[in-house]
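[1] Generate coordinates for the sequence data below:
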Amino acid sequence: MTLKKNDFIEIEFTARVKNTNEIFDSNINEDLKAANLEIEPKPFVFCLGEGMFLKGVEDFLTGKKEGKYEIELPPEKAFGKRNSSLIQLIPSKIFREQKLNPVQGVVFNFDGRLAKVLSVSGGRVIADFNNPIAGKDVVYNVNVLRKLEDVNEKAKAFIDFLFRKDLKFEIKDKKIIIETEKSMVKFTELFKDKFKSALDLDLEVKEVSK
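    Coordinates of the predicted model:
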C-alpha cells in the first residue's frame, strides 16, 4: 500500500553524515551504542506531512511502500546550509552570571538554542548557533515497519510526540477528549489545529486534579 500524507507509520532508522559515516541519530540500539549516543532506543511513530520528522525524509517516503530505503539528502533538504550570522560574540560576563565556564568545544543551551563555543579570548566568547549537522550531506537508512490503522494507537503516538507525556484520552464522535491538570489545559488547547490536521478529530481538554 502506497504511503500518503497523514498516514501514521512506524520506522526504524539511523542517520549518518555522508562523508564521515558519523551516526548522529537513531532508534536502533546497536547503532546508538556504536556511536556512544545517550538516546533511549524505542519505536518511532510519526504522521507523514505534519513536521514530526525531517521534511526531506517525509517527502521521500510519501508515495513509497513499506520496506527499507537509503535516503541521501543535501544540506538544503536536511539541516540547512551554515549561516555565518549564527556565529556570535558573547560577553564572558554572561557566562559568569550563570556560573558557567565557557571552554572551547563545549555546547551550552541559551534559552532553548544550542551553541558550541568556538573560542574564548579575554572577555569575549565566540559561539556557533548553527545546527551541528548544518552544511553537511546526510544519509538516512529507514525501515518502514508498518502503517498504523488503529486511531487510538495513532492518538497515543501523537500525544507522546507533542507533550512527552502519557496523557489519558478518549475518542468519541469525531472528538478526542484529553485529560490533563489545570496548568496544562491552556497549553494543550493550542494544538487543536494539529489534532484536526493529523487525526481529523476535534480536541476537547478536560481538567482533572493531579
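[2] Summarise which helices and strands the longest helix along the chain is packed against.
    If you go by DSSP state H, the chain has its longest helix at helix 151-163. The contact analysis (3 or more C-beta pairs under 8 Å, 6 or more residues apart in numbering; DSSP states H and E) places helix 151-163 against strand 8-17, strand 44-47, strand 169-172, helix 192-199. C-beta coordinates here come from the backbone N, C-alpha and C atoms, glycine included.
[3] Just tell me which of these ends up closest to residue 120.
    Nearest to residue 120 among the helices and strands packed on helix 151-163 is strand 8-17 (26.5 Å), distances taken as C-beta to C-beta.
[4] I'd like to know which elements the closest one is packed against.
    Applying 3+ C-beta pairs under 8 Å, 6+ apart, one finds that strand 8-17 contacts strand 23-26, strand 44-47, strand 138-147, helix 151-163.
[5] Throw those into CSV and include mean pLDDT, mean neighbour count and distance to residue 109, thanks.
    Listed next are these as CSV, based on pLDDT from 0 to 100; neighbours: other C-beta atoms under 10 Å; distance: least, C-beta to C-beta, whole Å:
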stretch, mean pLDDT, mean neighbour count, distance to residue 109
strand 23-26, 96, 18, 18
strand 44-47, 96, 20, 24
strand 138-147, 98, 18, 23
helix 151-163, 96, 17, 20
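[6] Looking at the ones you listed, which is nearest to residue 82?
    Residue 82 lies closest, by C-beta to C-beta, to one member of those: strand 138-147, at 13.9 Å.
[7] Show me what the closest one pairs with in its sheet, parallel or antiparallel.
    strand 8-17 (antiparallel), strand 67-73 (antiparallel) (DSSP bridges).
[8] what about it, distance to the chain center?
    Put simply, strand 138-147 sits 15 Å off its chain's centre (C-alpha atoms, centre = their mean, to the nearest Å).
[9] Show residues contacting it.
    Outside of strand 138-147, the residues within contact range by C-beta atoms under 8 Å, 6 or more residues apart in numbering are 1, 3, 7-18, 24, 54, 57, 61, 64-73, 78-79.
[10] Got a ChimeraX select line for the buried ones in these?
    Buried members of the contacts of strand 138-147, defined by 16 or more other C-beta atoms under 10 Å, are picked up in ChimeraX with:
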select :3,7,8,9,10,11,12,13,14,15,16,17,24,54,57,61,66,69,71,73,78,79
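[11] Counting neighbours, what do you get for residue 21?
    Neighbour count of residue 21, defined by other C-beta atoms under 10 Å: 8.
[12] swap in residue 34?
    12.
[13] Look up how far residue 132 lies from the residue lying closest to it once chain neighbours are set aside.
    In space, and not counting its chain neighbours, residue 34 is closest to residue 23: 6.7 Å by C-beta to C-beta, 6 or more residues apart in numbering. The spacing between residue 23 and residue 132, counted by C-beta to C-beta, to the nearest Å, is 13 Å.
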